[in-house]
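Enquirer: this is a predicted model, with the sequence first.
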Amino acid sequence: MYSIKKSVTAQKATTGDGFRGFLARVIASGLYVGYLPAAQGTAGSLWGPFVCVLLPESFFPSVWFFLPILFFIGVWSSGLAEKYWGHDPGRVVIDEVFGMFVALAWAPINWYTLGAGFIFFRAFDILKPPPARWSERLPGGWGVMMDDLIAGVYANLMVRLFIYFCPGIL
């Protein structure tokens with residue numbers, strides 16, 4: 001009896017069961033958005049603009065504080081979720097949510113920048129230009145989050161160019 005109970009406990013620890021594992025999977029899946037049957041990455045990427053529309057403008061100056069916290073929460077939750085679902089699974093969308101926040105960081109929030117940020121981020125997330133592709137090789141949640149951080153930085157630069165070259169639409 002003891003060896004069976006010990007074996008089940010060891011299995012739960014490696015698959016992320018328990019409250020900690022449950023919480024990690026809820027966060028990593030973007031509050032269950034990652035459970036959609038298709039296009040989980042796109043749906044996860046839409047969380048960023050959706051949340052930006054809901055947040056008050058007074059929140060955006062504190063993005064310096066918020067982004068690192070979201071990044072490390074994403075590393076933790078996606079690392080545990082990988083133990084349950086396998087390497088960089090489609091259900092993990094916290095990286096897309098974070099990447100979209102990076103793509104839109106310090107940009108004026110309106111429908112044009114939200115749309116441009118979404119399109120640029122999805123393009124860079126799919127194409128994974130260097131060093132994004134290489135960063136996927138990092139262990140655990142670090143690889144899951146880093147490629148989207150890099151895609152978000154590229155997208156943010158493109159959003160800034162969009163704002164610079166199209167000032168009349170803002």
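Expert: In hand now; what should we look at? Residues are numbered from 1 along each chain as shown.

Enquirer: can you map out the helices along the chain?
Expert: Listed in chain order, the helices of the chain (DSSP state H) span 2-15, 19-28, 40-54, 63-85, 94-104, 111-127, 132-135, 140-165.

Enquirer: closest to G34 out of the ones you listed?
Expert: helix 40-54 (4.9 Å; Cβ to Cβ). All C-beta atoms are positioned from the backbone trio N, CA, C, and that covers glycine.

Enquirer: quick test: name the residue nearest the centre of the chain.
Expert: D95 (1.8 Å; Cα atoms, centre = their mean).

Enquirer: any idea how far L31 is from that one?
Expert: 14 Å (Cβ to Cβ, to the nearest Å).

Enquirer: please verify my assumption that the residue nearest to the centre of the chain contacts V75.
Expert: No - counting by Cβ atoms under 8 Å, D95 stays clear of V75, with 9.3 Å between them.

Enquirer: shared neighbours of these two, anything?
Expert: Common neighbours of D95 and V75, counting by Cβ atoms under 8 Å, 6 or more residues apart in numbering, are V144, M145.

Enquirer: tell me where the model's unsure across this protein.
Expert: 1-16, 170 (pLDDT under 70).

Enquirer: can we see that at 90?
Expert: Counting by pLDDT under 90, the chain shows low-confidence ranges at 1-18, 38, 47-66, 83-90, 106-110, 133, 136-137, 140, 166-170.
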